[in-house]
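Novice: all I have is the shape, not the residue letters:
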């Protein structure tokens, strides 16, 4: 059964004490901070029994405040891009702040990843789990509704890291949360992930415009460099993608095969050096595959230097910009309803 310990994680720039919580099941270890409900580390033994930290990240809370890559970040109220930052709910227009490309990205500049969360250790079927909660008042990020949010981190006996997202509101509002963990299954400091093998359970993707925002179109992945329905290495076709000139690598939303919010296997990734395998399960309808194209010589944990393609993200989500593309199903949480999605990252040592 999983147990949890905690230790200080440094002071924020304004003097708040951050904490680091470690979940362990006797094999795997996971670190989570109350700053941003951030996933800091996942330590798993490889085939030879050597522990590898699979997450890009920082050594202390100020490291997370300095960097702008969303390492391990809990993203909310909305993950990914919204065209022009424009949101319409019940025929009422709302405006979020805009940045990159004239869009809102990850609810910046005051996303949930920039805040101190309340934490509680709770007893679950997995032993001890960590609950992170916060209150987002009406008008926060330009959006309506007093929103109460809770994210529960659990570590199962099979080395599955379970993220359960909950939210309630007193007025209809936009909610589309995700986690922006950057994985490197060879170890966070091992360099490029271009040799990782990836399989995605997705037959369709959503094309984007020059600002990397979905246009509303849906296309088959077949016969494109975006097709990962069978295993391919990340680097095999990375520079052949039609959008490479403005994305610099994979940064694309896939429509998953999940149906009616049922949990389903959505991705498999194998580290080419470690043999560590990660499986992703979710009941979300979509997932962003991002290969860390924007990482530019960032100092990380233990003095590591992170470069482009040093990690990959699999961000489970609603379709980006779906609030403006109604045929995808706008991610609106109605007053009195409960937002509840789950994503599981399960790790094992892969026998080559």
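Specialist: Noted; the coordinates are in hand. The structure displayed is predicted, hence computed values, not measured ones.
Novice: stretch 246-255: how far from the chain's middle?
Specialist: 14 Å (Cα atoms, centre = their mean, to the nearest Å).
Novice: helix or strand with the lowest mean pLDDT in the chain?
Specialist: Here the helix or strand of the chain ranked lowest by mean pLDDT, DSSP states H and E is helix 244-247, holding a mean of 92.
Novice: so which bits of that one are buried?
Specialist: 244, 247 (16 or more other Cβ atoms under 10 Å). Quick note: C-beta positions are derived from backbone N, CA and C, even for glycine.
Novice: what about the helices in this protein?
Specialist: 61-66, 244-247 (DSSP state H).
Novice: the residue located most distally from the centre of the chain and residue 218, how far apart?
Specialist: Farthest-out residue of the chain from its mean C-alpha position, per Cα atoms, centre = their mean: residue 91, at 30.0 Å. Distance of residue 91 to residue 218, given as Cβ to Cβ, to the nearest Å: 26 Å.
Novice: output the longest strand belonging to this structure.
Specialist: Criterion DSSP state E: the longest strand present in the chain is strand 338-349.
Novice: what comes up buried for that one?
Specialist: So, applying 16+ other Cβ under 10 Å, buried residues of strand 338-349: 339, 341, 342, 343, 344, 345, 346, 347, 349.
Novice: do the same with stretch 160-172
Specialist: 160, 161, 162, 163, 164, 165, 166, 167, 168, 169, 171, 172.
Novice: restricted to strands, list those residues.
Specialist: Short answer: the buried residues of stretch 160-172 in strands (DSSP E) are 160, 161, 162, 163, 164, 165, 166, 167, 168, 169.
Novice: if we can go back for a sec, include distance to residue 331 when you put the helices of the chain into CSV, please.
Specialist: Below are the helices of the chain laid out as CSV (distance: least, Cβ to Cβ, whole Å):
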stretch, distance to residue 331
helix 61-66, 26
helix 244-247, 23
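Novice: and for residue 243, the neighbour number?
Specialist: Other residues within reach of residue 243, judged by other Cβ atoms under 10 Å, total 18.
Novice: in terms of contact, does it touch residue 206 like I think?
Specialist: No. With contact defined as Cβ atoms under 8 Å, residue 243 does not count as touching residue 206 (11.6 Å).
Novice: which residues are in contact with each of the two?
Specialist: Contact criterion Cβ atoms under 8 Å, 6 or more residues apart in numbering; residues bridging residue 243 and residue 206 by contacting each: residue 252.
Novice: just name the closest of the buried residues of strand 338-349 to residue 328, please.
Specialist: Of all these, residue 328 sits closest to residue 341, with 15.6 Å by Cβ to Cβ.
Novice: beta partners of the residue nearest to the closest one when sequence neighbours are not counted?
Specialist: Of all residues not flanking residue 341 in the chain, residue 165 sits nearest, at 4.9 Å (Cβ to Cβ, 6 or more residues apart in numbering). With DSSP bridges as the criterion, residue 165 is bridged to residue 151, residue 341.
Novice: contacts only, for residue 165.
Specialist: Contacts of residue 165 by Cβ under 8 Å, 6+ apart are 149, 150, 151, 177, 339, 340, 341, 342, 343.
Novice: let me know the closest of the residues you listed to residue 254.
Specialist: For the contacts of residue 165, the minimum distance to residue 254 (Cβ to Cβ) is 14.2 Å, reached by residue 343.
Novice: the closest one touches residue 286, doesn't it?
Specialist: No. In this structure, residue 343 is not within contact of residue 286 by Cβ under 8 Å, at 11.9 Å.
Novice: for those two, list the residues in contact with both.
Specialist: residue 316.
Novice: for residue 284, what are its contacts?
Specialist: Contacts of residue 284 by Cβ under 8 Å, 6+ apart are 256, 258, 316, 317, 318, 341, 343.
Novice: nope, residue 291 is what I meant
Specialist: 193, 234, 238, 249, 250, 251, 309, 312, 313.
Novice: once you drop chain neighbours, what's closest to the last one?
Specialist: Put plainly, it is residue 313. The shortest distance from residue 313 to any non-neighbouring residue, by Cβ to Cβ, 6+ apart, is to residue 290 (4.2 Å).
Novice: burial of the one you found, as a residue count?
Specialist: So residue 290, with other Cβ under 10 Å, has 21 neighbours.
Novice: spit out the contact partners of it.
Specialist: 249, 250, 251, 252, 312, 313, 315.
Novice: where's residue 108 relative to residue 77, distance?
Specialist: 12 Å.
Novice: between these two, tell me which one has more neighbours.
Specialist: The neighbour comparison of residue 108 against residue 77 (other Cβ under 10 Å) goes to residue 77, with 27 against 20.
Novice: ok, that one to residue 300 distance?
Specialist: Counting by Cβ to Cβ, the gap from residue 77 to residue 300 is 27 Å.
Novice: residue 70 too?
Specialist: On the measure of Cβ to Cβ, residue 70 and residue 300 end up 13 Å apart.
Novice: who's more crowded, those two?
Specialist: Higher neighbour count among residue 70 and residue 300: residue 70, with 26 against 23, using other Cβ under 10 Å.
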